[in-house]
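Asks: My questions are about this predicted structure, shown below with the sequence.
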Amino acid sequence: MFDTSLRPGRPIPGLGFFPEKPYAKAPRDEGDMTMLDLKLVQKHPELVREALARRASSLDIAEFTALDDRRRELLQESEALKAERNKASGDIAKAKREGGEATELLARMATVSDRIKVLEAELSTIEEAETAWLMSVPNIPHQSVPLGQSEHDNPVLRTWGDIPAFNFEPKEHWELGAALGGLDFERAAKITGSRFAVSLGWAARLERALASFMLDVQTREHGYVEVLPPYIVNSASLTGTSQLPKFADDLFKLAGTDYYLIPTAEVPLTNMHRDETLTEDDLPITYCALTPCFRSEAGSYGKDTKGLIRQHQFHKVELVRFEHPERSWEALDLLTRHAEVILQRLGLPYRVITLCTGDMGFGSAKTYDIEVWLPGQQKFREISSCTNFEDFQARRAGIRFKSKQSKKSALVHTLNGSGLAVGRTLVAVLENYQQADGSLVIPEVLRPYLHGEEHVILPV
RNA sequence: GGAGAGGUAGCGAAGUGGCCGUAACGCGCCCGACUCGAAAUCGGGUUACGGGCUUAUCCCCCGUACGUGGGUUCAAAUCCCACCCUCUCCGCCA
């Protein structure tokens, strides 16, 4: 079975946020570091500062604590006034019922109410600033994450399969796909623009077969519940999974609406349980979905301009897990294995790398990337990214669970990973299964999905 | 797109300015009594979040929340405005 010897150490309690209720309690850690996540900032600024430094974040913690001190001040004054007003309200009601007058009280309450309005106006300004600050703080990397500046510092965790030796010069997938009449980039550019592709005939069928195969393995063998979610989501969902507010430029927004095309099924799947309190027995909840993904690819001009590697639209089978905080680290290992199985069955060589602190995603506590070997490029290329967010997304999205004993609610841990990116898998199949005569052999596991087809032959 | 109805605890639902929001009433759920055990019946309990206090996730005190956001008022579930969602009917549509 799987090698489960990988066991990251103790997690650091997450630092995160939350759109509507930014001051929720953090889940209990195994140790004694029970505290509000804000208190993590307040009581252990050195821990947070160090974590931010590791991610090259320039956020100023003093700025935050100043805001928070002011917030408490305002809150306490306005709450005291509200208590007074509530009490006076009862007295006024009583006086009126008894036919009396309460002119003096009414006058004082008018002043009190005005003061409350002033306080609350300032309070909401402060809270806005505080939330903005919190929203821009990346997650704290797990202590097992290697330090590093960029993708060049990501250590290889393991490799699988042998790099194939070709007795001819292997072609790149776009060349092969075009030659075999399955990929048409020129017409896609006419229909839409650059970074789009038309698949036709065998290529379209092969991609559909790959997607079906992936879904079957994940649902039947790994127990994920198949979901067909909306491909369009609102800004609250994107905030929950942390694409917003910081990464709006990477998204396609529908003009005149609050709607966006999904950049990944992670967004609808994770937001399935936004603002819900689950029961402990519900966990883990595991979903998978095949969806198109839409990305603007802003800032990647000139990269991978040819072929299917970097498209504005691609299909992906995504895996999402909602886990008990005590089990999320073994779940990350499991999730990664679930993605790897697909490549193993397809006979595609790959390696797993651990993203270093400088290369991790914004909300990630730890990420493993799976990279498949592409003979045409003579390179390993990312085909899956498996991440444990710990409570980072759960805090923003308000996803809790109630434990039976303590009756207290805590934040769940969320994880996701591609299982796999379908378009890139097609690329890998093309490049790894190409033959000297320019034809393509269909991987055995896909043949049942293709009515037994074994080859794609070069058209005469 | 047009017309109408609605959104209050886990669910159903009452409440139309203060005496009703730890929210009536019913269901569910938890504990107890009765019972050999169960059902039925009877009694009790059962929102979340924030602030303060605190070693503390207990207790206690205070605040907030009736779809969302504004407004009127000393006081809003209740009155006014805008928006969102659900349902019914009509039109249109794959």
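Replies: That came in fine, so what should we check first? Treat the numbers as computed from the prediction; the structure is a model and nothing was measured.

Asks: Can you list the helices and strands that the lengthiest helix in chain A packs against?
Replies: With secondary structure taken from DSSP state H, chain A has its longest helix at helix A:61-97. For helix A:61-97, the packing partners by 3 or more C-beta pairs under 8 Å, 6 or more residues apart in numbering; DSSP states H and E come out as helix A:37-43, helix A:45-54, helix A:103-135. All C-beta spots, glycine's among them, are computed from the backbone N, C-alpha and C.

Asks: of all those helices, which lies closest to RNA strand B?
Replies: Between RNA strand B and those, the shortest gap by C-beta to the nearest atom of the strand is with helix A:103-135, which sits at 3.1 Å.

Asks: contacting residues around whichever helix or strand comes after that closest one?
Replies: Next in sequence after helix A:103-135, counting helices and strands by DSSP states H and E, comes strand A:156-160. With C-beta atoms under 8 Å, 6 or more residues apart in numbering as the test, strand A:156-160 has contacts from A:6, A:340, A:343-344, A:349-354, A:368.

Asks: Nearest to residue A:188, out of the helices and strands packed on helix A:61-97?
Replies: Taking C-beta to C-beta, helix A:103-135 is the member of these nearest to residue A:188, at 36.5 Å.

Asks: Could you give the average pLDDT over the closest one?
Replies: Averaging pLDDT along helix A:103-135 yields 87.

Asks: Also stretch A:50-60?
Replies: Mean per-residue pLDDT for stretch A:50-60: 71.

Asks: and if you look at stretch A:410-430?
Replies: Stretch A:410-430 comes out at a mean pLDDT of 95.

Asks: Give the buried residues for that stretch.
Replies: Under the neighbour-count criterion of 16 or more other C-beta atoms under 10 Å, stretch A:410-430 has A:410-430 buried.

Asks: ok so, going back, out of the helices and strands packed on helix A:61-97, deepest packed?
Replies: Here the criterion is mean neighbour count by mean count of other C-beta atoms under 10 Å, and of those the winner is helix A:37-43, at a mean of 19.

Asks: Assess the claim that residue A:453 and residue A:443 are in contact.
Replies: No - applying C-beta atoms under 8 Å as the test, residue A:453 and residue A:443 come out as separate, 11.1 Å apart.

Asks: Flag the shaky bits of chain A, pLDDT-wise.
Replies: Applying pLDDT under 70 to chain A flags residues A:1-47, A:56-58, A:404-407, A:459-460.

Asks: What segments of it are helices?
Replies: Counting by DSSP H, chain A has helices at residues A:37-43, A:45-54, A:61-97, A:103-135, A:173-179, A:185-191, A:202-216, A:235-240, A:266-270, A:328-346, A:392-397, A:422-432.

Asks: Can you show me the CA trace of the shortest one as PDB?
Replies: As requested, the backbone C-alpha atoms of helix A:266-270 are provided in PDB (Å, rounded to 0.1, in the frame of the first residue of the first chain):
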ATOM      1  CA  GLU A 266     -11.600  24.300  -5.100                       C
ATOM      2  CA  VAL A 267     -13.700  27.400  -4.900                       C
ATOM      3  CA  PRO A 268     -17.200  25.900  -5.200                       C
ATOM      4  CA  LEU A 269     -16.300  22.700  -3.400                       C
ATOM      5  CA  THR A 270     -14.700  24.300  -0.300                       C
END
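
Asks: Next, the buried residues of that helix.
Replies: Buried, per 16+ other C-beta under 10 Å, within helix A:266-270: A:266-270.

Asks: residue contacts, the nearest residue to residue A:427 once chain neighbours are set aside?
Replies: Nearest non-adjacent residue to residue A:427, counting by C-beta to C-beta, 6 or more residues apart in numbering: residue A:173, 4.4 Å away. By C-beta under 8 Å, 6+ apart, the contact list for residue A:173 reads A:183, A:307-308, A:374, A:376, A:426-427, A:430-431.

Asks: Just flag the most distant two among those.
Replies: Farthest apart among the contacts of residue A:173 by C-beta to C-beta are A:183 and A:374. That separation is 15.2 Å.

Asks: quick one on the thing from earlier: JSON lines please, covering the helices of chain A and showing distance to RNA strand B.
Replies: Formatted as JSON lines, the helices of chain A follow (distance: least, C-beta to the nearest atom of the strand, whole Å):
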{"stretch": "helix A:37-43", "distance to RNA strand B": "6"}
{"stretch": "helix A:45-54", "distance to RNA strand B": "17"}
{"stretch": "helix A:61-97", "distance to RNA strand B": "3"}
{"stretch": "helix A:103-135", "distance to RNA strand B": "3"}
{"stretch": "helix A:173-179", "distance to RNA strand B": "31"}
{"stretch": "helix A:185-191", "distance to RNA strand B": "20"}
{"stretch": "helix A:202-216", "distance to RNA strand B": "20"}
{"stretch": "helix A:235-240", "distance to RNA strand B": "10"}
{"stretch": "helix A:266-270", "distance to RNA strand B": "15"}
{"stretch": "helix A:328-346", "distance to RNA strand B": "17"}
{"stretch": "helix A:392-397", "distance to RNA strand B": "10"}
{"stretch": "helix A:422-432", "distance to RNA strand B": "24"}
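
Asks: tell me, how many neighbours does the residue nearest to residue A:438 when sequence neighbours are not counted end up with?
Replies: Excluding the flanking residues, the one nearest residue A:438 by C-beta to C-beta, 6+ apart is residue A:458, at 4.5 Å. Neighbour count for residue A:458, taken as other C-beta atoms under 10 Å: 14.

Asks: And for residue A:364?
Replies: There are 24 residues near residue A:364, going by other C-beta under 10 Å.

Asks: Looks like it contacts residue A:386 (just checking).
Replies: No - the criterion here is C-beta under 8 Å, and residue A:364 misses it with residue A:386 at 9.9 Å.

Asks: shared neighbours, those two?
Replies: Counting by C-beta under 8 Å, 6+ apart, no residue touches both residue A:364 and residue A:386.

Asks: Give me the residues contacting stretch A:186-202.
Replies: Residues outside stretch A:186-202 that contact it (C-beta under 8 Å, 6+ apart) are A:180-185, A:207, A:297, A:305, A:308, A:310-313, A:426, A:453, A:456.
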